[in-house]
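Participant: Have a look; sequence and predicted model below, questions after that.
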Amino acid sequence: MFTFESLIIENLLPIKTEIMVKVTEEQTIKNILYQSVKKYPENSSLSYVNGPDMTYNELDSKVKDVMLLLQQYGITKGDKVAILSRNMPNWGVIYLAITSMGAVVVPILPDFHVNEIENILNHSESKMLFVSDLLYSKVKDISLKELLIKINIETYDVFETIIERNSKNTEIIDYPVSESDLASIIYTSGTTGTSKGVMLTHKNIVFDAKQTLFVEAINQSHSFLSILPLSHSYENTLGFIIPIMQGAAVYYLQKPPTPSILLPALKKIRPTHMLSVPMVIEKIFKAQILPKFQGSIVMRGLYFVPLLRKLFHRIAGKKLYETFGGKMQFFGIGGAKLDPKVERFLREGKFPYAIGYGLTETAPLIAGANAHDVKFQSTGPKMTGIEMKINNPNKKGDGEIWVRGANIMKGYYKEPELTKQVLTEDGWFKTGDLGRFGKNDFLYIRGRIKNMIVGASGENIYPEEIESVINNFKYVVESVVIEQKGKLVALVHFNHEELEKQFNNLKDEAINFVNSKIEELTKELQLYVNSRVNKFSKVYAVIKHPKPFVRTPTQKIKRYLYH
C-alpha cells in the first residue's frame with residue numbers, strides 16, 4: 001500500500017497530465033473504449049469470477065457484434081434501449097455498444113416491481129429490451145407500442161419480436177457521437193415513492209469518472225469485484241466506466257453475493273477495489289464481528305476499555321482484510337450514512353475504507369476521500385473541477401448543498417417542471433441534502449431536507465442523527481424516527497436472532513423471554529437516546545418494529561411508508 005506522498009507523486013500527477021492533454025477531445029464513452037482498447041489490448045476487462053478472462057481486444061469485438069445486432073433490428077442514434085439484468089460481462093458489452101452508436105441506455109434495477117418496470121419502459125419509449133432469463137418473467141406480459149423486441153442478454157436469442165432482423169446488413173454504421181449527446185436515462189429508486197428519469201450525457205459521465213481519479217488513482221494493475229447493481233449510477237460510473245477508462249479488470253459474480261458465494265470469490269480474485277453500501281459492511285460487523293466482543297460478561301467488560309477495544313478492533317480488522325483477499329486498497333462506501341460504531345471499527349481496525357457522496361443527478365460523485373485521507377463521519381471534500389456551496393446557511397453553518405459542474409444532469413426526462421425545481425438558471429443543482437463544511441473543507445451531511453422535522457418551537461430536527469444514536473444501542477438492527485401528533489417516535493427493529501442466541505438455554509421459553517427482553521430494551525433504549533440528544537430531539541416513545549424496514553433497490557429505507 002503506497003503512502004499519501006507516493007499517491008500524489010506516482011499516481012495523481014501523471015493522471016492529471018493525461019487529463020489535461022485530452023481535454024480538447026470529445027468526452028464520450030465511445031472514445032474511452034477506443035483509447036483503452038488501443039492502450040491495453042491484452043489486459044483483462046469484464047469477466048466472471050469463475051469464467052475465462054475477457055481481454056480488451058475481445059471486449060471491443062463483442063461490442064461491435066452487438067452494435068451490428070442493434071442496427072440490424074433498426075436501432076439508430078437517439079433510440080432508447082433498456083437493460084434489465086443482474087451484473088454480468090454482457091451487461092457492460094451491451095451498454096458500451098448502445099452508447100458507442102449514439103443510442104441511449106435505459107438501465108433498470110433488477111429489484112424494481114413489475115409495475116415500475118412497465119412504467120419505465122413506457123415512459124422512456126424504449127424500442128428494445130435486453131433481459132436475463134431470471135428476470136424475463138417480470139416482462140413477458142408487458143406489451144407496449146414502442147417496445148419492438150425483447151432479447152436474452154446472455155445468449156442474444158430473441159424472446160419476442162414484432163420486427164424482422166435485417167441479416168443482410170453486415171456493415172456497422174459509425175454514427176458520430178458528441179459529448180453533449182444523451183448516454184443514459186437512469187430511473188431513480190427514490191425513497192419518496194416516485195421514480196424520475198435522470199438524463200445523463202456522455203460528458204456528464206466521462207467528466208465525473210475522470211475527476212474521480214483525483215480522489216483515487218486507478219491504474220491497469222487494479223482489479224474490481226462488482227457487487228452493486230450496474231443499473232445504479234454509483235456502480236455504473238465508479239465501478240464500470242472508471243476501470244474501463246484505466247484498463248483495469250472487473251469481475252462479476254454469477255449468483256447473488258451471499259457469504260458462500262462472496263468469500264470464495266474474494267479469495268480467488270483478491271480485488272484491490274470494491275464499492276459497497278453501508279448495509280453490507282454493517283451486517284458483517286453486527287453479525288460476525290461484534291458478537292465475538294460480547295460473547296461473555298468478561299469480554300463485554302474488556303471491550304468497553306478504549307485501549308483494549310482498539311486492540312480487539314485491530315486484530316479483527318486484520319482478519320477482515322485477509323478475508324477480503326489481502327490486497328484491498330479502496331473499499332468505497334456510499335449511498336447512505338455509515339453507522340458511526342461501524343466506522344469506528346473500520347478506522348481502528350485499519351481497514352482501507354473510503355467514503356463518497358453523490359446523487360444520480362450528479363453522475364454521481366461530488367465529494368469523496370480515499371482510504372488514506374478519510375475523516376470520521378465526513379464524506380470528504382468536494383471533487384476537483386466542480387463548484388459546491390452551502391446555500392443560505394444558518395448560524396451553525398448548516399444549509400442545503402448546491403453543486404455546479406460538467407457532471408450535472410441534463411434534467412429529468414419529460415419533466416421540465418421537476419427539472420426547474422432542482423436546477424437554477426445559472427446551473428446550480430439543489431441536492432436536497434443538508435450539510436456543512438468542517439476543517440479543511442471536508443463535507444458533513446446532516447440529512448435530507450424532506451426528512452427534516454420542525455419542532456414545536458421551530459427547531460430543525462434531523463431524524464437521521466437520532467437514528468444514528470439508536471442504531472448504536474445493543475441488539476438494534478435499524479430504526480426510523482417519525483413525528484406523531486407533534487412528538488418524536490422511534491420505530492425500532494431489534495435483532496431477534498441474536499437475542500435468541502444469547503438466551504438459547506431457555507429453549508421453549510426463549511421466544512417469550514426474548515419478547516419480554518425487548519420490552520425492557522425499548523424502555524432502556526428511550527433513556528439511552530434521550531441522554532445523548534438535545535432537548536428538542538428527545539424521543540417520546542420507542543415502538544418495536546417486528547420486521548425489517550422496506551428498502552429501495554439501493555438499500556435505503558422507504559421512509560414515506562412509515563409516516
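Facilitator: That came in fine, so what should we check first? Residues are numbered from 1 along each chain as shown.
Participant: now the helices for the stretch 51-200 of the chain?
Facilitator: Taking DSSP state H, counting those that start in this stretch as the test, the helices found in the stretch 51-200 of the chain are 56-72, 89-100, 114-124.
Participant: Same question for the stretch 401-550 of the chain.
Facilitator: Here the stretch 401-550 of the chain has its helices, by DSSP H, counting those that start in this stretch, at 416-422, 463-470, 496-502, 510-530.
Participant: Can you give the distance from the last one to the centre of its chain?
Facilitator: In terms of C-alpha atoms, centre = their mean, to the nearest Å, the centre of helix 510-530 is set 33 Å apart from its chain centre.
Participant: Show me what that helix is packed up against.
Facilitator: The contact analysis (3 or more C-beta pairs under 8 Å, 6 or more residues apart in numbering; DSSP states H and E) places helix 510-530 against helix 463-470, strand 487-494, helix 496-502, strand 541-544. C-beta coordinates here come from the backbone N, C-alpha and C atoms, glycine included.
Participant: now the closest residue to Ala369 other than its chain neighbours: how far from Thr360?
Facilitator: In space, not counting the residues next to it along the chain, Ala369 is nearest to Gly380; the distance is 3.1 Å by C-beta to C-beta, 6 or more residues apart in numbering. If you measure Gly380 against Thr360 using C-beta to C-beta, to the nearest Å, the figure is 19 Å.
Participant: Check Asn236 too.
Facilitator: Distance, Asn236 to Thr360, using C-beta to C-beta: 9 Å.
Participant: Looking at those two, which one has more neighbours?
Facilitator: When Asn236 and Thr360 are compared for neighbours, Asn236 comes out ahead with 27 against 22, by other C-beta atoms under 10 Å.
Participant: As JSON lines, the helices of the stretch 401-550 of the chain with mean neighbour count, distance to Gln484 and mean pLDDT would be great.
Facilitator: Conversion of those to JSON lines gives the following (neighbours: other C-beta atoms under 10 Å; distance: least, C-beta to C-beta, whole Å; pLDDT from 0 to 100):
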{"stretch": "helix 416-422", "mean neighbour count": "13", "distance to Gln484": "29", "mean pLDDT": "96"}
{"stretch": "helix 463-470", "mean neighbour count": "21", "distance to Gln484": "12", "mean pLDDT": "88"}
{"stretch": "helix 496-502", "mean neighbour count": "16", "distance to Gln484": "24", "mean pLDDT": "70"}
{"stretch": "helix 510-530", "mean neighbour count": "16", "distance to Gln484": "15", "mean pLDDT": "81"}
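Participant: Just send those back as JSON lines, with distance to Gly92 too.
Facilitator: Supplementary listing: those in JSON lines, determined by distance: least, C-beta to C-beta, whole Å:
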{"stretch": "helix 416-422", "distance to Gly92": "29"}
{"stretch": "helix 463-470", "distance to Gly92": "34"}
{"stretch": "helix 496-502", "distance to Gly92": "37"}
{"stretch": "helix 510-530", "distance to Gly92": "45"}
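Participant: could you dump the helices and strands packed on helix 510-530 to JSON lines with distance to Pro107?
Facilitator: Listed next are those as JSON lines, based on distance: least, C-beta to C-beta, whole Å:
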{"stretch": "helix 463-470", "distance to Pro107": "28"}
{"stretch": "strand 487-494", "distance to Pro107": "31"}
{"stretch": "helix 496-502", "distance to Pro107": "35"}
{"stretch": "strand 541-544", "distance to Pro107": "38"}
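Participant: With Ile297 as the reference, name the closest of these.
Facilitator: Minimum separation from Ile297 across these (C-beta to C-beta) falls at helix 496-502, 11.5 Å.
Participant: Run through who's touching the stretch of helix or strand Ile244 belongs to.
Facilitator: Ile244 is part of helix 242-246 when elements are defined by DSSP states H and E. Applying C-beta atoms under 8 Å, 6 or more residues apart in numbering, the set of residues contacting helix 242-246 from outside is 32-33, 35-36, 45, 92, 96, 206, 209-210, 212-213, 218-220, 222, 224, 248-250, 273.
Participant: Tell me how far the residue nearest to Ala369 lies from Phe494.
Facilitator: In terms of C-beta to C-beta, Gly380 sits 33 Å off from Phe494.
Participant: Next: Ala287.
Facilitator: Taking C-beta to C-beta as the measure, Ala287 falls 14 Å from Phe494.
Participant: for Ile261, same thing?
Facilitator: The gap separating Ile261 from Phe494 is 28 Å, by C-beta to C-beta.
Participant: When these two are compared, which one has more neighbours?
Facilitator: It is Phe494, of Ile261 and Phe494, that has more neighbours when counted by other C-beta under 10 Å, with 23 against 14.
Participant: Report the beta-bridge partners for that one.
Facilitator: Counting by DSSP bridges, Phe494 is bridged to Val476.
Participant: Please save the CA atoms from stretch 55-72 in CSV.
Facilitator: Coordinates of the C-alpha atoms in stretch 55-72 are reproduced here as CSV (Å, rounded to 0.1, in the frame of the first residue of the first chain):
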residue,chain,number,x,y,z
THR,A,55,-9.4,-9.1,-22.9
TYR,A,56,-10.0,-5.5,-24.1
ASN,A,57,-9.5,-6.7,-27.6
GLU,A,58,-12.2,-9.3,-27.1
LEU,A,59,-14.4,-6.7,-25.4
ASP,A,60,-14.1,-4.5,-28.5
SER,A,61,-15.0,-7.3,-30.8
LYS,A,62,-18.1,-8.2,-28.7
VAL,A,63,-19.2,-4.6,-28.6
LYS,A,64,-19.0,-4.4,-32.4
ASP,A,65,-21.1,-7.6,-32.7
VAL,A,66,-23.8,-6.1,-30.5
MET,A,67,-23.7,-2.8,-32.4
LEU,A,68,-24.3,-4.7,-35.6
LEU,A,69,-27.2,-6.6,-34.0
LEU,A,70,-28.8,-3.4,-32.8
GLN,A,71,-28.5,-1.9,-36.3
GLN,A,72,-29.9,-5.0,-37.9
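Participant: who touches that stretch?
Facilitator: With C-beta under 8 Å, 6+ apart as the criterion, stretch 55-72 contacts 33, 36-37, 40-46, 54, 81, 92-94, 96-98, 100-101, 103, 128, 156, 165-167, 169-170, 172-173, 247.
Participant: Next step: those residues restricted to strands.
Facilitator: Mapping the contacts of stretch 55-72 onto strands (DSSP state E) picks out Leu46, Val81, Met128.
Participant: Tyr560: which of those is nearest?
Facilitator: Among those, Val81 lies closest to Tyr560 (C-beta to C-beta), at 31.4 Å.
Participant: count of neighbours near the residue nearest to Leu320 when sequence neighbours are not counted?
Facilitator: Spatial nearest neighbour of Leu320, excluding adjacent residues (C-beta to C-beta, 6+ apart): Phe351 at 5.8 Å. Using other C-beta under 10 Å, Phe351 is surrounded by 20 other residues.
Participant: hang on, the earlier thing: closest to Ile449 out of the ones in strands among the contacts of stretch 55-72?
Facilitator: For those, the closest approach to Ile449 (C-beta to C-beta) belongs to Val81, at 35.0 Å.
Participant: So what pairs up with the closest one in the strands?
Facilitator: For Val81, the beta-bridge partners are Val105, Met128 (DSSP bridges).
Participant: my guess is it meets Ser100, correct?
Facilitator: No - counting by C-beta atoms under 8 Å, no contact exists between Val81 and Ser100, whose distance comes to 12.0 Å.
Participant: Okay, now the unreliable bits of the protein?
Facilitator: Of all residues in the chain, those with pLDDT under 70 make up the ranges 1-24, 189-194, 456-458, 499-514, 553-554.
Participant: Residue ranges of each domain in it, please.
Facilitator: Domains of the chain are assigned by automatic domain parsing as 4-243, 452-562.
Participant: hey, which of those domains is tucked in deepest?
Facilitator: Comparing the domains of the chain by mean neighbour count (mean count of other C-beta atoms under 10 Å), domain 4-243 ranks first with a mean of 19.
Participant: next one: that one to chain centre, how far?
Facilitator: For domain 4-243, the gap between its own C-alpha mean and the chain's C-alpha mean amounts to 16 Å (C-alpha atoms, centre = their mean).
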